[in-house]
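# just to be clear, the model below is a prediction. Sequence and coordinates:
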Amino acid sequence: RTVYVNGDYLPETEAKVSIFDRGFLMADAVYEVTSVLGGKLVDFAGHTARLQRSLSELEMVAPCTMDELLAIHRELVARNDLDEGGIYLQITRGAAEDRDFVWPDPEKVPAGIVLFTFAKPLVDNKTLDEGIKVISVEDQRWARRDIKTTQLLYPSFAKMQAKKAGAADAWLVEDGFVTEGSANNAYIVKDGVIITRQLSTEILHGITRAAILRFAREAQMQVEERPFTIAEAQAADEAFVTSATGFAQPVIAIDGATIGTGVPGTISKRLREIYTEEMRKAAI
Ligand code: PMP
């Protein structure tokens, strides 16, 4: 693979970052994952808007413009001949001279930037036809989940607990209500109404979530943005999760309880179809 690191396109084996990079030492970094369909970028504008918000919330200065970022994404797609999959982008607060909790002056220490591509089937994907099982785990992340930082130890820990329990993913629960999945937004469907937690600092503002809710409303589906419990989810007709590289993914069991009839629900499937079709058309 050819990757991008601090201004250079290099073979992945030659790419290097400093051991003093604050992304490495402190997870002082933000990231985005943009999916690629037919060699084109899906919802790039959404991802750069969220990236700029993450950067500004952490008083980080982007190392390049969003137009330059677009050019880098396209160059990586071309150099890696990528048809379907995604691009990972990480911006860190750079490599200061020493390890210090105090942020370095961005005039003296420029942000670090790394991008790499990955190939992955997004449309024809067997787990999506069958749906995934999830377990619930207490949400023990920090309180600013609306900022997309690389502090992924807890989500990774939660996902391992799911794996050990024979499930594919974990739904995180705080004060009795589901916040979101380890790396996706969570939804249930009851009597035709799509229910998902409202935006706040407690969850990541999913780019796929925004598109899915827009398409659902355009298709005259009813949407309710409010918290729900695991018990309510287990009694729902359908459940699903959304993320840039998973689109809308059906959930068929929660903590061992089968959802609906145990097969992906019709609304989840329909939303997945609409999303795939619309995003293929709009990709740039
Ligand atoms: N919530 C969390 C915690 C995530 O990590 C992700 C994926 N990065 C999402 C939701 C989904 O966001 P998006 O649709 O922008 O990929």
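All right, it came through fine.
# pull up the residues of the protein that are close to the ligand.
Residues of the chain lying close to the ligand by CB under 6 Å from any ligand atom are 33, 180, 183-185, 204, 206-209, 242-244. Every residue, glycine included, has its C-beta placed from N, CA and C.
# which of those are buried?
33, 180, 183-185, 204, 206-209, 242-244 (16 or more other CB atoms under 10 Å).
# let's have the residues you listed in a markdown table, adding pLDDT and secondary structure.
Shown next, in a markdown table, are those (pLDDT from 0 to 100; DSSP: H, G, I helix; E, B strand; the rest coil):
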| residue | pLDDT | secondary structure |
| --- | --- | --- |
| 33 | 98 | strand |
| 180 | 98 | strand |
| 183 | 98 | coil |
| 184 | 98 | coil |
| 185 | 98 | strand |
| 204 | 98 | coil |
| 206 | 98 | coil |
| 207 | 98 | helix |
| 208 | 98 | helix |
| 209 | 98 | helix |
| 242 | 98 | strand |
| 243 | 98 | strand |
| 244 | 97 | coil |
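# which of the residues you listed lies closest to residue 102?
Nearest to residue 102, judged by CB to CB, of these is residue 204 at 27.0 Å.
# go ahead and confirm the closest one touches residue 141.
No. The pair residue 204 / residue 141 is not scored as a contact, 10.0 Å apart, by CB atoms under 8 Å.
# CA atoms only: put the longest helix seen in the chain into CSV for me.
Identified as the longest helix of the chain according to DSSP state H is helix 266-282. Presented in CSV, the C-alpha positions along helix 266-282 are these (Å, rounded to 0.1, in the frame of the first residue of the first chain):
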residue,chain,number,x,y,z
THR,A,266,-37.6,-4.9,6.5
ILE,A,267,-37.0,-1.3,7.5
SER,A,268,-33.3,-1.9,8.2
LYS,A,269,-32.9,-3.6,4.9
ARG,A,270,-34.8,-0.9,3.0
LEU,A,271,-32.7,1.9,4.6
ARG,A,272,-29.5,0.0,3.7
GLU,A,273,-30.7,-0.2,0.1
ILE,A,274,-31.7,3.5,-0.1
TYR,A,275,-28.4,4.5,1.5
THR,A,276,-26.3,2.4,-0.8
GLU,A,277,-28.1,3.7,-3.9
GLU,A,278,-28.1,7.3,-2.9
MET,A,279,-24.5,7.3,-1.7
ARG,A,280,-23.3,5.6,-4.9
LYS,A,281,-24.9,8.4,-6.9
ALA,A,282,-23.6,11.3,-4.7
